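A.B. asks: Compute the structure for the input listed below.
(2 chains)
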Amino acid sequence: MNHSRYPEWRAEAAEALIAPIVAAEPGPVLLCLQAVQAHFGYVPGDAVGMIAKACNVSRADAHGVFTFYADLRDTPPPAVPVRLCAAEACQAVGGRELKTEWATACGDDAVLAALTGVDEPIFCLGNCALGPAALVDGELMGCADVARLKAAVTQAQTAGEAL
Amino acid sequence: MSIWFVPRDAAARSMGADAVALALEGRGETVIRNGSRGMLWMEPLVERAESRHGARVGWANMTAADIDAGMPDEQSKQYVGVVEEIDYLARQNRWIYERVGITDPVDPEDYLAHGGLSGLKNALAMSGSDVVRAVTDSGLRGRGGAGFPAGIKWRTVADQSPTPHAGESPSAPAHKYICVNADEGDSGTFADRMLMEGDPFCLLEGMTIAAHAVGADRGLVYLRSEYPDAIATLQAAIWIAREQGWLGEGILGSHLTFDVEIRVGAGSYVCGEETAMLESLEGRRGMVRAKPPLPAIKGLFGTPTVINNVLTIASVPSILARGAEAYAALGQERSLGTQVFQLAGNIAHGGIVETAFGITARELVGDFGGGTRSGRPIRAVQLGGPLGAYLPDDKLDVAMTYEALAEAGGMIGHGGIVVFDETVNMAEQARFAMDFCVEESCGKCTPCRIGAVRGVETIDKIRAGQDVAGNTALLRDLCDVMTQGSLCAMGGLTPNPVLSAINQFPEDFQSPVIATG
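C.D. replies: As a prediction, the model looks like this:
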């Protein structure tokens, strides 16, 4: 799978990201984790230890912060992540059914499944009057259905390859 | 030459507004990206005016293909006429949202041309103490859900001395903070998002007034990561405000020094609880703190801290501009001023309705909302987010005030109203409420952490037809333990949707069905 939008993990690059945060901010652990993920796409185990040391907290404390937050991940993200809203306002307009249909579509298409990671549920995108809402590669979609999701995935993939 | 307005709001963009703007620009037209009017079923709502501040006419649900096929005209079936005369807008009373949808959100001149900064200028001419009094007199209560009087909270912070961060030497720089809670996690709410995307200077102005009132020097906005557009727009507004001298040292020529930064959340619902938010801002797990100490006395990094919701802070500029008395003249009982209601879920005309407290849920859902989007009858309405009760259709005549809703067993929460049609299964919704608590509990209190897991299991047994009476009694008992034994609203209010579903829709818990995930 192609994760070319994110650079390969490099400890020196991570240290350079973390140092100014630790110097400037009180309580920098979460900010460091977020900075590493924004840069590399995920937070490798090595980064958690590095951040703990830089912030002068125990590895357990840093790991505790890392595992608390749903956004933080320890593996690279899919190339075109798809996230379908799982909350009530979208449930009221077929959000559950869309999840099932999308899972079926991905079940029938291994390439699509690998490309999108199928679905990482998200609780509310703030598009509650135009549900079901979805986030495709970071772009918000209203009134989502399988056809529009597939089209958006293709578009995001094409845009990614053009870079 | 006409000027075209195409919203840059995320909801409008989610329906193709960017492509419409590009298509118009491709035809050589002048396009301004405004905020959304909040009539979300019309998005993208494209407007045209003959001059920058002239009257605007609109076209609903426009696509790039519509533009490519020819410039929209008054004969088009998408034509909606003069936008401000549309009933949905004309019947509102906009204070917080007075500029949203009208201005270019990141144009400082547009902000000033539409009354921006008049609240701050008035405030700076007053003592901090008088500003606190004005906010108290307005009757403004916290819009995050708890409804605590904003003026009393501000008074408490104003009465404290600034302190160094906890653990620093007593001679280290002393601070007070204004922390805005923009972790708008409730499903069915999007008013914070649309305000930050549609009029971010209003939030910054409100924070600056608060800073002057209580003597704070630093501001943070805790903004959820699920709102990338709001993050980008507010960040742009912060940079512009610094350039304009609206933030930083000596604001508008006064002695006030105050600056604002954004902190992005990391996907945790419970971090919308104020003490969990403080923990998260301090870089830790978002675990709820016991109170006291109150955050107003020992808040962020141990300093006196104002924590207010986006809508609370964004109410302040218009209160200072138009007067506390005018604000307090709106509403009923101790629910004064305006509330920004959000119509969501299965609703024909979803969006923003800012109006005085006291309107009924039925007026909002029926008169404004136009009933369900599906056209089927309404079965249930959830008020106040995932921790709010479900009300059946025949209970919708309740007035939307803190007091009347509390009496009806509901809560106004953050003003979100989620409509469900007759196809909803309320046992499934009750299960979801418990399951959401499993996902999002911070884990500090056992009734919340473990009780929610047991709640899901028990609802599954009821739905499978196992000892329905016994398990329902057990579920009620469990809800009681969660309500009584949890520090914060996560565990304490999760029983609201569960019990209201059981009490109002018992038939959904009677017939055995196969449990679904």
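
A.B. asks: For the nearest residue to B:E333 once chain neighbours are set aside, give me its contacts.
C.D. replies: Nearest-residue entry for B:E333: B:E403, 4.9 Å, with adjacent residues in sequence omitted and distances by Cβ to Cβ, 6 or more residues apart in numbering or on different chains. The way it works is simple: take the backbone N, C-alpha and C, and place the C-beta from them, glycine included. With contacts defined as Cβ atoms under 8 Å, 6 or more residues apart in numbering or on different chains, the neighbours of B:E403 are B:Q332, B:E333, B:R334, B:S335.

A.B. asks: Tell me where chain A has strands.
C.D. replies: A:82-84, A:134-136, A:139-141 (DSSP state E).

A.B. asks: Tabulate those (JSON lines), appending mean neighbour count and mean pLDDT.
C.D. replies: Output for the strands of chain A, formatted as JSON lines (neighbours: other Cβ atoms under 10 Å in any protein chain shown; pLDDT from 0 to 100):
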{"stretch": "strand A:82-84", "mean neighbour count": "23", "mean pLDDT": "97"}
{"stretch": "strand A:134-136", "mean neighbour count": "24", "mean pLDDT": "97"}
{"stretch": "strand A:139-141", "mean neighbour count": "22", "mean pLDDT": "97"}
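
A.B. asks: For whichever residue of chain B sits closest to chain A, give me its contacts.
C.D. replies: Closest approach between chain B and chain A, counting by Cβ to the nearest Cβ: B:G350, at 2.6 Å. By Cβ under 8 Å, 6+ apart, the contact set of B:G350 is A:C128, A:A129, A:L130, B:L40, B:W41, B:L343, B:A344, B:G369, B:R373.

A.B. asks: Tabulate these (JSON lines), appending distance to B:N309, neighbour count and pLDDT.
C.D. replies: Formatted as JSON lines, the contacts of B:G350 follow (distance: Cβ to Cβ, whole Å; neighbours: other Cβ atoms under 10 Å in any protein chain shown; pLDDT from 0 to 100):
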{"residue": "A:C128", "distance to B:N309": "17", "neighbour count": "34", "pLDDT": "98"}
{"residue": "A:A129", "distance to B:N309": "20", "neighbour count": "30", "pLDDT": "98"}
{"residue": "A:L130", "distance to B:N309": "23", "neighbour count": "28", "pLDDT": "98"}
{"residue": "B:L40", "distance to B:N309": "21", "neighbour count": "29", "pLDDT": "98"}
{"residue": "B:W41", "distance to B:N309": "26", "neighbour count": "20", "pLDDT": "98"}
{"residue": "B:L343", "distance to B:N309": "19", "neighbour count": "29", "pLDDT": "98"}
{"residue": "B:A344", "distance to B:N309": "18", "neighbour count": "33", "pLDDT": "98"}
{"residue": "B:G369", "distance to B:N309": "23", "neighbour count": "30", "pLDDT": "98"}
{"residue": "B:R373", "distance to B:N309": "28", "neighbour count": "22", "pLDDT": "98"}
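
A.B. asks: Which pair of those spans the longest distance?
C.D. replies: The span of those, defined through Cβ to Cβ, is set by A:L130 and B:G369 at 13.6 Å.

A.B. asks: what comes up buried for the lengthiest helix in chain A?
C.D. replies: Across chain A, the longest stretch assigned as helix under DSSP state H is helix A:146-162. Going by neighbour count (16 or more other Cβ atoms under 10 Å in any protein chain shown), the buried part of helix A:146-162 is A:L149, A:K150, A:A152, A:V153, A:A156, A:Q157.

A.B. asks: and which of these is nearest B:D460?
C.D. replies: A:L149 (29.9 Å).

A.B. asks: what pLDDT does the closest one get?
C.D. replies: Predicted confidence (pLDDT) for A:L149: 98.

A.B. asks: Who are the contact partners of it?
C.D. replies: A:V82, A:W102, A:A105, A:A134, A:V136, A:M141.

A.B. asks: And the fifth one, how far from A:I21?
C.D. replies: Between A:V136 and A:I21 the computed distance is 30 Å (Cβ to Cβ, to the nearest Å).

A.B. asks: do the first one as well
C.D. replies: In this structure, A:V82 lies at 31 Å from A:I21, with Cβ to Cβ as the measure.

A.B. asks: Likewise for the last one?
C.D. replies: Between A:M141 and A:I21 the distance is 33 Å, computed by Cβ to Cβ.

A.B. asks: cool, B:E507 as well?
C.D. replies: Counting by Cβ to Cβ, the gap from B:E507 to A:I21 is 55 Å.

A.B. asks: quick one, strands of the stretch 401-517 of chain B?
C.D. replies: B:416-421 (DSSP state E, counting those that start in this stretch).

A.B. asks: Contact residues of it facing chain A?
C.D. replies: Taking Cβ under 8 Å from any Cβ of the partner chain as the contact definition, the stretch 401-517 of chain B meets chain A at B:G416, B:V418, B:V419, B:F420, B:D421, B:V424, B:Q429, B:F432, B:F436, B:E439, B:E440, B:C442.

A.B. asks: and stretch B:111-129, how far apart are its ends?
C.D. replies: Stretch B:111-129 has an end-to-end distance of 27 Å (Cα to Cα, to the nearest Å).

A.B. asks: and residue 99, what is it in contact with?
C.D. replies: Picked chain A for this. A:L84, A:A86, A:D119, A:P121.

A.B. asks: my bad, chain B
C.D. replies: Counting by Cβ under 8 Å, 6+ apart, B:R99 touches B:G35, B:Y111, B:H114, B:G115, B:G116, B:G198, B:D199, B:C202.

A.B. asks: Could you export the residues of the stretch 401-517 of chain B next to chain A to CSV, including columns for pLDDT?
C.D. replies: Output for these, formatted as CSV (pLDDT from 0 to 100):
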residue, pLDDT
B:G416, 97
B:V418, 98
B:V419, 98
B:F420, 98
B:D421, 98
B:V424, 98
B:Q429, 98
B:F432, 97
B:F436, 97
B:E439, 96
B:E440, 96
B:C442, 97
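
A.B. asks: Now render these as JSON lines, adding neighbour count and distance to B:N93.
C.D. replies: Below are those laid out as JSON lines (neighbours: other Cβ atoms under 10 Å in any protein chain shown; distance: Cβ to Cβ, whole Å):
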{"residue": "B:G416", "neighbour count": "30", "distance to B:N93": "19"}
{"residue": "B:V418", "neighbour count": "34", "distance to B:N93": "23"}
{"residue": "B:V419", "neighbour count": "31", "distance to B:N93": "23"}
{"residue": "B:F420", "neighbour count": "27", "distance to B:N93": "28"}
{"residue": "B:D421", "neighbour count": "20", "distance to B:N93": "29"}
{"residue": "B:V424", "neighbour count": "24", "distance to B:N93": "32"}
{"residue": "B:Q429", "neighbour count": "22", "distance to B:N93": "32"}
{"residue": "B:F432", "neighbour count": "22", "distance to B:N93": "34"}
{"residue": "B:F436", "neighbour count": "23", "distance to B:N93": "33"}
{"residue": "B:E439", "neighbour count": "15", "distance to B:N93": "38"}
{"residue": "B:E440", "neighbour count": "22", "distance to B:N93": "34"}
{"residue": "B:C442", "neighbour count": "24", "distance to B:N93": "38"}
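
A.B. asks: Burial check on residue 13, number of neighbours?
C.D. replies: If you meant another chain, say so; for now it's chain A. 14 (other Cβ atoms under 10 Å in any protein chain shown).

A.B. asks: switch to chain B, that's the one I care about
C.D. replies: 26.
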